[in-house]
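Novice: What follows is a predicted protein model with its sequence.
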Amino acid sequence: MTAANQTIKSNPIFADQLDRMPVVWIIDKSSHNIEILISILSTQNLQIHTFIDDTFAANTDSFALPNVILITPDTRSIEEYQPWQFLRSSPNLQHIPIIIIVEYCDPIAKTKAFNLGIADYIVKPFHRQEVLNRINHQLLIRSSQNCSQSFQVSAKPESISLQILPSKQCDIDLRKQQLESILNSLDDSVWSIKPDFSAFIYLNNATEKIYGYPNSTFLENPAFWSEVIHPEDRGRVISAHNHLLNIGFVHHEYRIIRPSGEVRWISDRSYLVNDAQGNVVRIDGIIQDITDQKNTQQQLEHNALHDGLTGLPNRNLFMDRVDRALQYSKRHPRYQFALMFIDLDRFKMINDNLGHLVGDQFLQAIAHLLSSCLRSGDTVARLGGDEFTILIDDIESYQEPLVVADRILNKLQQPIEVKKQTISGSASIGIVISTRDHESAADLLHDADIAMYHAKSLGKGRYALFDKEMYEQNLRIVQIDSDLRYALERQELEILYQPIFALRTNQLDSLEALIRWNHPQRGLISPNEFIPIAEETGLIIAIGDWVLSQSCQQMCKWQSQFAKAQSLKINVNLTCHQIREAQLVEKLDRILRETGISGKNLRLEITEATMMDQGEDTILMLEKLRSRGILLSIDDFGQGYSSLSYLHRFPVNSLKIDRSFVEKMSFGGQNLEVVRTIILLAHTLQIAVVAEGVETRQQLALLKEIDCDYAQGYLFSRPLSALDVEKLFLHQA
Ligand code: C2E
Ligand code: MG
Ligand code: MG
């Protein structure tokens, strides 16, 4: 249906009564509004004319004069709005009641319009019954002013009919009855009171339903309306009502208490009614019960500030509370609080192995456990994933949060039962105490996070209190990280090569590529310092690629220069990130192809710790590398794990016994026996053994005695530059 200047004669049965049918004009820019209004009104015996507002004034003469006009005004410039001016200046139209259509909760529009003399308003989104009631109301008033006709649109949807009352029946009592029945069919309370609030003039039935008190209570004691207001809202409601006499309209929301003690939210709109001389004759109002709407709104607000899984405050609410605590501490220097950052250890493993459902319930159990460790004024929140935070309010000493952290770690040691699975939890906790230096909540959270990482690096399942040293260490990490990004292109990285010798033949077997970073300001930085940082940021891939291709190129060059280098191997270290890279096999194929060295001249060193963390897919990938002839070695073997029983799982050719073992070896000592056992087992699995960090002749003698295959260490050579390696070839030749 197009909605431009059309006449809808609804219900053709009454076509012969057209001249007596009430006429409604709808003036609106929005064809959508017009369509909805027509769909509501077309079931009624009404003559409806619709106008798109800018075509309205030119067409008015062609249509029957209206009994009521519905218009959506431009509320920003309502006085200058053209259709509005026309309605107000046209002698035929200026006395026709106007009902405006306003957006929900737009008191300004309504107040403006009331000042300009509108009869009523309809709130969008349209509520069918409201539209019918309000039009009906105006038609009734109009018919009582002009007793030649009386008509009414039925207020009850099920009995929609139009009554045309002959003028002789136009009796005031009957109209009053009709009005009364409409008002009593409403769910909203409609009331009217004397301007001095001394007596109610009218109350409809819905008032009893909303307030739970009989209307007689209000009629007998008009001040009672203010007594049922919730004590926390009473002051502002009364003061708003006192302003009513100045501003003419008030719309506010507040709570009332029913006789049962139940609290309900209501929306109260009150208007001053003036007589022709401008004297206030009464105050009218409409009260709507909006408890359900408020509850939904409160639920939405709660959801915006809480974590859906655990019901704990979320990051937004937590940060807001920390911010408030921080502001308070600025005004009260003796007030201090602590912030804890808690990260569950090995949560990913629980989630991956036992399923997300168990993971979720475990997090809920942790939320409960953390809450049970705190006082009521403290806040525990879930930031996301397995990260929780705690705000410990008003602490007397720095020991207080440590006691809480201990309590949490102790409780976590007790197994948690989730879906018939017993899970033992563990967490790393970072703690920071508020200081004058903290500018924002984010600052505090950052420090607690640093402390948490520190606790994790110390071996998990513990707490660490943030201190200045940690801050400086973190600063150094951040600086190294940012400088490292440019180290490759500025050519600050260099590779040294450390020889590895075969103990039975004293021949050079291989060279281990070891990276060096010559930092322009800080000097030489150890790979032990920057490789873990590169691993964390992912920069290791670019650096690792560079090391691989550089050392393979170098190897190729040596092979072309020295006959001895034909059987030599180049050992390259790979980190966890690198071996998990999807394209590693293709990458190595390409490097071997481009540099022209054979797979059997390349040995990859992977630490035992990294190897232990891998799944079946990595092992399959390693087997692919083996099938290309590439050699694999376990680095730093024995450092903390001693996973002899796992050794057969890994498709490796050799293992490097960690320097710490070699260091502690002595004749008849326990360590010597451990190394001997490792060598024996490795040999039964056809795995060759390399000893790292050999510094003394005594260590060398012991290693030879227990049948170690290869050795590397300062005793033979420090890591050498490529040039020094060439000298070594020449010297050996
Ligand atoms: P790593 O692979 O276990 O390398 C052996 C480390 O022990 C080297 O330290 C080497 O200089 C040192 N070393 C060798 N012989 C002796 C000795 O007799 N006494 C002592 N005290 N130390 C000895 P560096 O070069 O500082 O490298 C440290 C670690 O950094 C390496 O341990 C390796 O894990 C890592 N790394 C070095 N270069 C690379 C690289 O290019 N890529 C990767 N991913 N990691 C690398
Ligand atoms: Mg190594
Ligand atoms: Mg090593």
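Specialist: Arrived safely, thanks for sending. This one's a predicted model, so the numbers in the text were calculated from it and none came from an experiment. Ligands and ions are numbered 1, 2, ... in the order given.

Novice: my read: Lys664 touches Asn671, true?
Specialist: Yes. The criterion here is Cβ atoms under 8 Å, and Lys664 meets it with Asn671 at 4.4 Å. Quick note: C-beta positions are derived from backbone N, CA and C, even for glycine.

Novice: Please enumerate the shared neighbours of the two.
Specialist: Contact criterion Cβ atoms under 8 Å, 6 or more residues apart in numbering; residues shared by Lys664 and Asn671: none found.

Novice: I'd like the distance from the host helix or strand of Gln299 to the chain centre, please.
Specialist: Gln299 is part of helix 291-305 when elements are defined by DSSP states H and E. Chain-centre distance of helix 291-305: 18 Å, with Cα atoms, centre = their mean, to the nearest Å.

Novice: Report the next helix or strand after it in sequence order.
Specialist: Past helix 291-305, the next helix or strand by DSSP H and E is helix 315-331.

Novice: what's the next secondary structure element after that following helix?
Specialist: Immediately after helix 315-331, counting by DSSP H and E, sits strand 338-344.

Novice: Okay, Gln614 and Pro651: tell me how far apart.
Specialist: Distance check for Gln614 against Pro651: by Cβ to Cβ, to the nearest Å, it reads 12 Å.

Novice: now swap in Asp437 and tell me
Specialist: Asp437 is 53 Å from Pro651, by Cβ to Cβ.

Novice: So between the two, which is more surrounded?
Specialist: Shown here are Asp437 and Pro651; by other Cβ atoms under 10 Å, Pro651 has more neighbours (15 against 8).

Novice: Verify the stated contact: the more buried one with Leu632.
Specialist: Yes. Counting by Cβ under 8 Å, Pro651 does reach Leu632; the two are 6.5 Å apart.

Novice: intersection of neighbour lists for these two?
Specialist: Leu622, Arg626.

Novice: what residue ranges in the protein are flagged as low confidence?
Specialist: 1-20, 104-115, 143-175, 640-643, 733 (pLDDT under 70).

Novice: and the closest residue to Asp28 other than its chain neighbours, how many neighbours?
Specialist: In this structure, Asp28 finds its nearest non-sequential neighbour in Thr72, 4.7 Å apart by Cβ to Cβ, 6 or more residues apart in numbering. Number of residues near Thr72 (other Cβ under 10 Å) recorded here: 22.

Novice: Ala442 too?
Specialist: Applying other Cβ under 10 Å, I find that Ala442 has 12 neighbouring residues.

Novice: what does the one 10 residues further on give?
Specialist: Residues lying near Met452 (other Cβ under 10 Å) number 25.

Novice: do the same with Ile706
Specialist: 17.

Novice: for Glu180, same thing?
Specialist: 13.

Novice: how about it, secondary structure?
Specialist: For Glu180, the assignment made with DSSP: H, G, I helix; E, B strand; the rest coil gives helix.

Novice: Now do it against ligand 1, distance only.
Specialist: Glu180 sits 89 Å away from ligand 1, going by Cβ to the nearest ligand atom, to the nearest Å.

Novice: Just to check, Leu357 is in contact with Gln364?
Specialist: No. Assessed by Cβ under 8 Å, Leu357 is found out of contact with Gln364, at 11.0 Å.

Novice: More neighbours: those two, which one.
Specialist: Gln364 (16 against 11).

Novice: mind listing what the more buried one touches?
Specialist: Leu309, Thr310.

Novice: Helix, strand, or coil at it?
Specialist: Per three-state DSSP, Gln364 ends up helix.

Novice: how near is it to ligand 1?
Specialist: From Gln364 to ligand 1 the distance is 40 Å (Cβ to the nearest ligand atom).

Novice: Next: Val725.
Specialist: 14 Å.

Novice: Over to Met470?
Specialist: Relative to ligand 1, and taking Cβ to the nearest ligand atom, Met470 is found at 23 Å.

Novice: so that residue touches Ala451, yeah?
Specialist: Yes. Counting by Cβ under 8 Å, Ala451 is a contact partner of Met470 at 6.2 Å.

Novice: Between these two, which has more neighbouring residues?
Specialist: Ala451 (26 against 18).

Novice: Enumerate the residues of this structure near ligand 3.
Specialist: Those residues of the chain that sit near ligand 3, judged by Cβ under 5 Å from the ion, are Asp635, Asp636, Glu692.

Novice: Please tell me which one of the residues you listed counts the most neighbours.
Specialist: Asp635 (24 neighbours).

Novice: So that one: helix, strand or coil?
Specialist: strand.

Novice: Run the chain-centre distance for the longest helix along the chain.
Specialist: If you go by DSSP state H, the chain has its longest helix at helix 540-561. Centroid separation for helix 540-561 versus its chain: 45 Å, with Cα atoms, centre = their mean.

Novice: Tell me which other helices or strands the helix or strand following it touches.
Specialist: Counting by DSSP H and E, the element after helix 540-561 in chain order, helix or strand, is strand 569-574. Here strand 569-574 is seen to pack against strand 508-519, helix 540-561, strand 602-607, strand 631-637 when contacts are counted using 3 or more Cβ pairs under 8 Å, 6 or more residues apart in numbering; DSSP states H and E.

Novice: residues in contact with strand 569-574?
Specialist: 497, 500, 509-514, 544, 547-548, 551-552, 554-555, 597, 600-606, 631, 633, 635.

Novice: Okay, buried residues for stretch 321-329 please.
Specialist: Arg321, Val322, Ala325, Leu326, Ser329 (16 or more other Cβ atoms under 10 Å).

Novice: oh, I was asking about stretch 669-680
Specialist: Per 16+ other Cβ under 10 Å, stretch 669-680 contains these buried residues: Asn671, Leu672, Val674, Val675, Arg676, Ile678, Ile679.

Novice: Now do the contacts for Ala502.
Specialist: Here Ala502 is in contact with Leu508, Asp509, Asp709, Tyr710 (criterion: Cβ under 8 Å, 6+ apart).
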